[in-house]
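J.: Structure, please.
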Amino acid sequence: MDGGVLWYQRDFDYYGEDDNFGWYVRPHLHANWGYIEEHAGAQYMDVGGSDNRRVAKGSVVRPIYNYGWEIEEWSAFAQLYYQVAPGWGLTAGVHYSEESTSINAGVRGRF
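T.: Now for the predicted structure:
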């Protein structure tokens with residue numbers, strides 16, 4: 001299991017963008033097969049946007065009241081890592097929730 005702090009940004013069509021910090025916890029299974037490492041499980045995320053935020057429109061910054069947002073959800077994830085060299089690898093994964101599905105890929109450095 002792991003957990004931590006996260007930063008989340010949302011874009012609104014007519015109101016600009018808003019961001020906030022939150023937290024997450026991920027109970028999951030972890031397995032190794034030679035150069036391949038796998039993580040799969042669930043994630044709970046809790047992020048609350050501001051209820052009184054300021055949005056820049058041109059050169060004028062104006063407050064928007066009572067337009068808060070919040071995310072409290074469980075989702076599923078799977079991530080694979082392939083070790084290319086000691087301390088370095090490639091990674092790819094998927095994250096699925098009722099609201100969205102995302103696919104990621106990248107480089108992993110372990111120090």
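
J.: Just checking, which helix or strand of the protein averages the lowest pLDDT?
T.: strand 60-65 (a mean of 47; mean pLDDT, DSSP states H and E).

J.: just checking, residue 102 touches residue 79?
T.: No. Using C-beta atoms under 8 Å, residue 102 is not in contact with residue 79, being 11.6 Å away. (Each C-beta comes from the backbone N, C-alpha and C, glycine too.)

J.: So those two - more neighbours on which side?
T.: The neighbour count for residue 102 versus residue 79, taken as other C-beta atoms under 10 Å, is higher for residue 79 (18 against 11).

J.: Count the neighbours of the closest residue to the more buried one other than its chain neighbours for me.
T.: Spatially, and ignoring its direct neighbours in sequence, residue 79 is nearest to residue 93 (3.5 Å; C-beta to C-beta, 6 or more residues apart in numbering). Residue 93 has 17 neighbours, counted by other C-beta under 10 Å.

J.: From residue 10, how far out is residue 93?
T.: Separation of residue 93 from residue 10 (C-beta to C-beta, to the nearest Å): 22 Å.

J.: centre of the chain versus the helix or strand where residue 105 lies, how much separation?
T.: Residue 105 is part of strand 101-109, with elements assigned from DSSP states H and E. Strand 101-109 sits 11 Å away from the centroid of its parent chain (C-alpha atoms, centre = their mean, to the nearest Å).

J.: Next: stretch 103-110.
T.: Counting by C-alpha atoms, centre = their mean, stretch 103-110 is centred 14 Å from the centre of its parent chain.

J.: ok, now stretch 2-15?
T.: 8 Å.

J.: could I get it in PDB with only the CA atoms?
T.: Coordinates of each C-alpha in stretch 2-15 appear next as PDB, following Å, rounded to 0.1, in the frame of the first residue of the first chain:
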ATOM      1  CA  ASP A   2       1.200   3.500  -0.700                       C
ATOM      2  CA  GLY A   3      -0.300   7.000  -0.300                       C
ATOM      3  CA  GLY A   4       0.500  10.600  -0.500                       C
ATOM      4  CA  VAL A   5      -0.400  14.100  -1.600                       C
ATOM      5  CA  LEU A   6      -1.500  15.000  -5.100                       C
ATOM      6  CA  TRP A   7      -2.200  18.200  -7.100                       C
ATOM      7  CA  TYR A   8      -5.200  18.300  -9.400                       C
ATOM      8  CA  GLN A   9      -6.100  20.900 -12.000                       C
ATOM      9  CA  ARG A  10      -9.500  21.200 -13.700                       C
ATOM     10  CA  ASP A  11     -10.400  23.300 -16.800                       C
ATOM     11  CA  PHE A  12     -13.900  24.800 -17.000                       C
ATOM     12  CA  ASP A  13     -15.300  25.900 -20.300                       C
ATOM     13  CA  TYR A  14     -16.500  29.300 -19.300                       C
ATOM     14  CA  TYR A  15     -14.700  29.900 -16.000                       C
END
